[in-house]
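Novice: Got a sequence here, can you model it:
(2 chains)
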Amino acid sequence: MGEELKLHGTSESPFSLRVVWALKLKGIPYDFVEEDLFNKSALLLQYNPVHKKIPVLVHAGKPICESMIIIEYIEEMWPHTPLLPTHVYDRNIARFWVKFAEDKGPAVWRTFRTTGEELAKAIKESLEMLEIVEEHSLGDKKYFNGEKIGMVDIAFGSILYWLCVNEEVLGVKLFEPHKFPRLHKWFQNFQEVPVIKHNLPNRDNLIVFFKRRRESLEASVA
Amino acid sequence: MITHPLLEATENQAKNQGKVKWKEKTKSSDMGCGLVDTLKRVELALRVKSIPYEYIEEDLSNKSPLLLHYNPVHKKIPVLVHNGKPLAESMIILEYIEESWKNAPRLLPEDPYQRAQTRFWASFVQQLFEAVLKLVTSKEEEHEKTIEEAYEKLEVLEKGMREFFGDGGRRIDGQNLGVLNIMVSAVLATHKANEEVFRVKIVDPERFPLMFSWVEQLNEVPLVKEVVPPHDKVVALLHFVRENGLNPSSS
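Specialist: Numbering: from 1, shown residues only, chains lettered A, B, ... in the order given. Next up, the predicted model:
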């Protein structure tokens, strides 16, 4: 395209990461603008006045918000290395699962921000989400998108990576292999994909970061 | 089994001859917001594209194993069946219709950037829908809080839509409705009925003049008139739902 492409995001955001994966899988060059979420840039507020959130993709000065909407845009502008199936029916099944990830994923983010009863509820909902995906979505496929990873893999990949980080933070096993054999195998395969492997935030750093956050969270409710 | 005024109990043994089968899972409590919104989104889209469809009504108190097979994940309406293959979730069905029937009129803009913007706002209208649904299903004590949530969404829409459509203002092409018109119709077309029954202003013309006039214009469109039940019927349904303590729900 030759026009300027900037991604406003942060290194600790699973949503930012999704867009990074999509861009790198397609080999699209872009500039990454690291935002400080406690001191959001004027540009970010201008680009995303509605939610004031990252990620925002700015293409030739025009902003696009919401990670999965951004990825649909990328898919349409740069159709090589497709992230959605070619057959119309399958594409829309994929969109269904993306929506499912968007609707149920927040339970996982809540496990980071809650304590006590609310935490127990968030954990329960996260597990329910995994159960449904295990039973209804993957089937015998290697990836959600078939032989190559796609949008649905990206959507769930970020959720699972952060969930596993939180297992360490909370000291609770959530994503157990005997309970979720298909998902486990898929997740291993997913992390082996070169673009994914080389674009995962350092797990230990994330664990330290979130452990510290949990400590202050628990101190504040004690 | 509860019966109610709007449910026409016609069991269509429609044969699938390459036509679209539009299965509606209706429960007498899928009224008010639920009935008028998500079920009608798909109908509007099909009519805009002049796609022939067969409408099959299902009574939830007599759950069809076929419906559960078609939508095991949510067990929700609406489900569109095209040549025997099911699709759930209304916005996704709209995307599917768009891709499968490439004839004009288009439901989404051609330009990818405009498409992204439309998807963003459509998802926001969905959030408004959820806020309004909360209002309808919550207890009276909670109304004040839930209406505030709806107002927040409406304020963003009021501002956002002004910018989105620019100074040209909102001119609706009745033949060429598009996703946003469809979504706004579906969610807000019956706001006056909701306001009457719940005694609260939702789309206040003073606070939200753009949204108010948009909905007024949409309600004049013949296609919308065909699909949205008349005011009195919706009011009757909403009263019915309230009196029977039923819980409208939808996808």
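Novice: Skipping its backbone neighbours, what lies nearest the residue nearest the centre of chain A in space?
Specialist: Most central in chain A under C-alpha atoms, centre = their mean is A:S158, positioned 3.2 Å from the mean C-alpha point. Nearest residue to A:S158 in three dimensions, chain neighbours excluded: A:P14, at 3.8 Å (C-beta to C-beta, 6 or more residues apart in numbering or on different chains). C-beta coordinates here come from the backbone N, C-alpha and C atoms, glycine included.
Novice: Surely the one you found is in contact with A:C164?
Specialist: No - the criterion here is C-beta atoms under 8 Å, and A:P14 misses it with A:C164 at 11.6 Å.
Novice: and the helix or strand containing B:R47, anywhere near chain A?
Specialist: B:R47 belongs to helix B:38-48 when assigned by DSSP states H and E. No - using C-beta under 8 Å from any C-beta of the partner chain, helix B:38-48 stays clear of chain A, coming no nearer than 12.9 Å.
Novice: Write out the residues of chain A neighbouring chain B.
Specialist: A:50, A:59, A:62, A:64-66, A:69-70, A:72-73, A:76-77, A:88-89, A:91-93, A:95-96, A:99-100, A:132, A:136.
Novice: Derive a PyMOL selection command for the buried subset of the residues you listed.
Specialist: In PyMOL, this line selects whichever of the residues of chain A next to chain B come out buried by 16 or more other C-beta atoms under 10 Å in any protein chain shown:
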select buried, chain A and resi 59+64+65+66+69+70+72+73+77+89+91+92+93+95+96+99+100+132
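Novice: returning to what we had before: the residue nearest to the centre of chain A falls within a helix, correct?
Specialist: Yes - judged by DSSP: H, G, I helix; E, B strand; the rest coil, A:S158 forms part of a helix.
Novice: May I see the buried residues of stretch B:99-108?
Specialist: Applying 16+ other C-beta under 10 Å to stretch B:99-108 flags B:S100, B:W101, B:R106, B:L107, B:L108 as buried.
Novice: and chain A, which of those residues reach it?
Specialist: B:S100.
Novice: Tabulate the buried residues of stretch B:99-108 (CSV), appending secondary structure and pLDDT.
Specialist: What follows is the buried residues of stretch B:99-108, written out as CSV (DSSP: H, G, I helix; E, B strand; the rest coil; pLDDT from 0 to 100):
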residue, secondary structure, pLDDT
B:S100, helix, 83
B:W101, coil, 82
B:R106, coil, 89
B:L107, coil, 90
B:L108, coil, 91
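Novice: Next, format the buried residues of stretch B:99-108 as CSV and append distance to A:S216.
Specialist: Listed next are those as CSV, based on distance: C-beta to C-beta, whole Å:
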residue, distance to A:S216
B:S100, 51
B:W101, 54
B:R106, 51
B:L107, 47
B:L108, 45
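Novice: closest to B:L237 among the buried residues of stretch B:99-108?
Specialist: B:L107 (27.8 Å; C-beta to C-beta).
Novice: now that closest one: how far from B:R47?
Specialist: Going from B:L107 to B:R47 by C-beta to C-beta, to the nearest Å gives 11 Å.
Novice: got it, and B:F165?
Specialist: 23 Å.
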